[in-house]
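Enquirer: give me a 3D structure for the following:
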Amino acid sequence: MKKIVILGSTGSIGRQTLDIVRAFPGEFDVVGLAAGNNLDLLQQQMAEFNPSHVCCIKPLDSLPDGVSFTPMVDMVALEHVDQVMVATMGSVGLLPTLSALKHGKSVALSNKEPIVMAGSIIKDYEKKYGGEVLPVDSEPSAIWQCLRGEDNPIQRLMITASGGPFRTTPLEELAHVTPEKALKHPTWQMGRKITIDSATLMNKAFEVIETHWLFSVPWDRIEVVVHPQSTIHSMVEFADGSIKAQLGPPDMRLPIQYALFYPHRLPNEMIPKFDTSIAHSLTFEPLDMDRYPCFGLAVEAGRRGGTFPAVLSAADEIAVNAFLEGKIPFTGIYEVVEQVLAQHDPSPGRDAEEVLDADRWATALASKIAG
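Expert: As a prediction, the model looks like this:
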């Protein structure tokens, strides 16, 4: 029985991870759950899965006998833990990710920000301590699945993007779109932050940075192509021109289950299957950089390295929240992030503290700019 810890258990990925646990009784022992402020749901999860360790931002009034309140960095390091699902939001996942790797754990990483902020540090920890990062994000997971069994040079990695809800909206109207419209993603059901990032394609830029570190592929061999149907989740082109693609309905439970059971694939009726009884169209469009200015800005920050990616991540988080709260327009997300990056005096980002210092600096400045 695999002993697991789930960080972000009350969020979208955390809940779907528990769906997989529920579908395979006897396969998993949930040792720890960590959540934010959704105490009602956390208590329901505790009653169902009986973890011995919990953590949350707002402390619970009381804990059942045998249950300890354990900080995430300590929870992931428990000796008997086999695997950690990191499904938190923002920079909060960085230190637990590093702690898990330092203690040789398998880390199923859904939270993009840790590897965006500190990709080189995470890869160093993998090599030094023997832990491993397993991608859960659907596009990096698709690449990972396509590369399995291959020992051939990679010519190109192609990450697909739906284009979000404003793929065909006239550019002059983007400044006036509402949070309600931006939260209506055409193909995926996700949390609020990642849904807005998908509308700006900041999310896709994060995946480019994530992919660069996960698979050690040069920046100029990673491309993004708009694929509105979200059926192909990513593609790998090899030296001979052959292309492998991973396809399936847009459902996060498949990449979650793949990471939890890697390298095995098990049947699960809960996960929807590709329906061959109906007609399908698969279309591709080049990425319109004018429509998605956040994408180019973010990829350049990733290329520049050092503490720029940490600043990018923090500024985006503040800007997205400001948009959702009605403080800035949709196009203001780019403007806030661009101003923060322009004012940043970078450092090499040699350790977690340096990265988190940059995160704190960017958070403060972006909050001031966004009002």
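Enquirer: helices along the stretch 251-371 of the chain, start to end?
Expert: Defined through DSSP state H, counting those that start in this stretch, the helices belonging to the stretch 251-371 of the chain, from first to last, are 253-261, 293-304, 308-324, 332-342, 352-370.
Enquirer: also the stretch 101-250 of the chain?
Expert: Taking DSSP H, counting those that start in this stretch as the criterion, the stretch 101-250 of the chain contains helices spanning 112-129, 138-147, 179-182, 192-200, 202-215.
Enquirer: re the thing from before, would you list the helices of the stretch 251-371 of the chain in JSON lines and tack on mean pLDDT and distance to A118?
Expert: Where C-beta positions appear, they are placed from N, C-alpha and C, glycine not excepted. Conversion of the helices of the stretch 251-371 of the chain to JSON lines gives the following (pLDDT from 0 to 100; distance: least, C-beta to C-beta, whole Å):
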{"stretch": "helix 253-261", "mean pLDDT": "97", "distance to A118": "20"}
{"stretch": "helix 293-304", "mean pLDDT": "98", "distance to A118": "12"}
{"stretch": "helix 308-324", "mean pLDDT": "97", "distance to A118": "7"}
{"stretch": "helix 332-342", "mean pLDDT": "98", "distance to A118": "17"}
{"stretch": "helix 352-370", "mean pLDDT": "98", "distance to A118": "5"}
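Enquirer: out of those helices, flag the one nearest T70.
Expert: Closest approach to T70 among the helices of the stretch 251-371 of the chain (C-beta to C-beta): helix 352-370, 19.8 Å.
Enquirer: which among the helices of the stretch 101-250 of the chain is found nearest to D290?
Expert: Taking C-beta to C-beta as the criterion, helix 192-200 is the member of these that comes nearest to D290, at 13.0 Å.
Enquirer: contacts for the closest one?
Expert: Outside of helix 192-200, the residues within contact range by C-beta atoms under 8 Å, 6 or more residues apart in numbering are 89-90, 161-162, 164-166, 179, 182-183, 185, 188, 190, 203-204, 206, 292, 294-295, 316-317, 320-321, 323-324, 330, 333-334.
Enquirer: report the buried members of those.
Expert: The neighbour count (16 or more other C-beta atoms under 10 Å) marks 89-90, 161-162, 164-166, 179, 182-183, 185, 188, 190, 203-204, 206, 292, 294-295, 316-317, 320-321, 323-324, 330, 333-334 as buried among those.
Enquirer: sorry, back to before: quickly compare the helices of the stretch 251-371 of the chain and say which is most buried.
Expert: Here the criterion is mean neighbour count by mean count of other C-beta atoms under 10 Å, and of those the winner is helix 308-324, at a mean of 26.
Enquirer: give the contact list for the residue nearest to P348 when sequence neighbours are not counted.
Expert: Computed as C-beta to C-beta, 6 or more residues apart in numbering, the closest residue to P348 that is not its neighbour in sequence is G306, at 5.2 Å. Shown here is G306, whose contacts under the criterion C-beta under 8 Å, 6+ apart are 346-349.
Enquirer: any idea how many residues pack against the closest residue to R148 other than its chain neighbours?
Expert: Nearest non-adjacent residue to R148, counting by C-beta to C-beta, 6+ apart: P263, 7.4 Å away. Around P263 there are 7 other residues, counting by other C-beta atoms under 10 Å.
Enquirer: kindly report the same for S347.
Expert: Residues lying near S347 (other C-beta under 10 Å) number 14.
Enquirer: I13 now?
Expert: Taking other C-beta under 10 Å as the definition, I13 ends up with a neighbour count of 28.
Enquirer: now swap in A100 and tell me
Expert: 31.
Enquirer: so it makes contact with M85?
Expert: No. With contacts defined as C-beta atoms under 8 Å, A100 does not count as touching M85, sitting 10.1 Å away.
Enquirer: which residues in the stretch 51-200 of the chain form strands?
Expert: Assignment of strands within the stretch 51-200 of the chain using DSSP state E, counting those that start in this stretch yields the ranges 53-55, 68-69, 83-86, 106-109, 132-135, 154-161.
Enquirer: nearest to D124, out of these?
Expert: In terms of C-beta to C-beta, the element of the strands of the stretch 51-200 of the chain nearest to D124 is strand 132-135, at 11.8 Å.
Enquirer: and that closest one, what other elements does it pack with?
Expert: helix 94-102, strand 106-109, helix 112-129, helix 138-147, helix 202-215, helix 253-261 (3 or more C-beta pairs under 8 Å, 6 or more residues apart in numbering; DSSP states H and E).
Enquirer: for I4, which non-adjacent residue is spatially closest?
Expert: If you skip the residues right next to it in sequence, I4 has Q83 as its closest partner in space, 4.9 Å away by C-beta to C-beta, 6+ apart.
Enquirer: in contact with the one you found, which residues?
Expert: Contacts were defined as C-beta under 8 Å, 6+ apart; by that measure Q83 touches 2-5, 105-108, 260.
Enquirer: and it, what pLDDT?
Expert: The score at Q83 is 98. That number is its pLDDT.
Enquirer: my read is that I57 contacts A34, right?
Expert: No. With contacts defined as C-beta under 8 Å, I57 does not count as touching A34, sitting 9.4 Å away.
Enquirer: looking at those two, which has the bigger crowd around it?
Expert: Neighbour comparison, I57 and A34: the larger count goes to A34, with 31 against 11 (by other C-beta under 10 Å).
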